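Visitor: sequence below, structure please.
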Amino acid sequence: MSTHSYVGIPDPEQPGQVRLRGIWAGAAAGDTHRLATLLLEHDWDYLDPEMTDGSNSTPFAGEELIPGVGMTLAATNGDGHLLPPEPVTVVALAVTGDLDAQWIYLIDAGTDTLSVHLSGGDVVSREPLAS
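Guide: Residues are numbered from 1 along each chain as shown. Purely as a prediction, here's the structure:
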């Protein structure tokens, strides 16, 4: 399954910000390395830092609610068996125009920032995770 959008959801109270800051502060306890690990452990249906074990969201078969992070995405083959998450892709930013993605969000643990890139690598924005 390919994605054409971004990692995170807009925060209506802070236009231009994404809720990754809430996941960073909560589930990752302000640890940017932990945030990256949490996000790369699964394929995601959606991210929501307000997800709890008592949330009303009902996972589909194979999906998992991760408190403070969101709902994982599960893919199945034709027989209905769960497929493993997509492997992490390592590619030069300059050649990301070949990927099936419009946006690329990069978490920089060295600077505790999130940078937003267009497909192909051009930087659109760089935002601090700490406010």
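Visitor: okay, CA-based contacts and neighbour counts for the rest of this
Guide: Fine.
Visitor: which residues in the protein form strands?
Guide: For the chain, the strands defined by DSSP state E cover 44-47, 65-66, 70-72, 75-76, 82-83, 103-108, 113-118, 123-128.
Visitor: okay, the closest residue to Gly26 other than its chain neighbours and Val88: tell me how far apart.
Guide: In space, and not counting its chain neighbours, Gly26 is closest to Gly68: 6.5 Å by CA to CA, 6 or more residues apart in numbering. Separation of Gly68 from Val88 (CA to CA, to the nearest Å): 22 Å.
Visitor: tell me where the longest helix sits in this protein.
Guide: Using DSSP state H, we find that the single longest helix of the chain is helix 32-40.
Visitor: comparing the strands of the chain, which comes out most buried?
Guide: For the strands of the chain, average neighbour numbers computed from mean count of other CA atoms under 10 Å are highest in strand 70-72, which has a mean of 22.
Visitor: which other helices and strands contact that one?
Guide: strand 44-47, strand 65-66 (3 or more CA pairs under 8 Å, 6 or more residues apart in numbering; DSSP states H and E).
Visitor: where does this structure have low pLDDT?
Guide: 1-19, 131 (pLDDT under 70).
Visitor: my guess is Val124 contacts Tyr105. True?
Guide: No: Val124 lies out of contact with Tyr105 (CA atoms under 8 Å); the separation is 10.0 Å.
Visitor: shared neighbours, those two?
Guide: 115-117 (CA atoms under 8 Å, 6 or more residues apart in numbering).
Visitor: is it possible to get a markdown table of the residues you listed that adds distance to His81?
Guide: Converted to a markdown table, the shared contacts of Val124 and Tyr105 look like this (distance: CA to CA, whole Å):
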| residue | distance to His81 |
| --- | --- |
| Ser115 | 36 |
| Val116 | 35 |
| His117 | 35 |
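Visitor: re earlier: out of the helices and strands packed on strand 70-72, which comes closest to Pro59?
Guide: strand 65-66 (6.8 Å; CA to CA).
Visitor: okay, now the sheet partners of that closest one, with direction.
Guide: Here strand 65-66 has these sheet partners by DSSP bridges: strand 70-72 (antiparallel).
Visitor: name the residues that touch the strand it pairs with?
Guide: Under CA under 8 Å, 6+ apart, the answer for strand 70-72 is 42-51, 59, 63-66.
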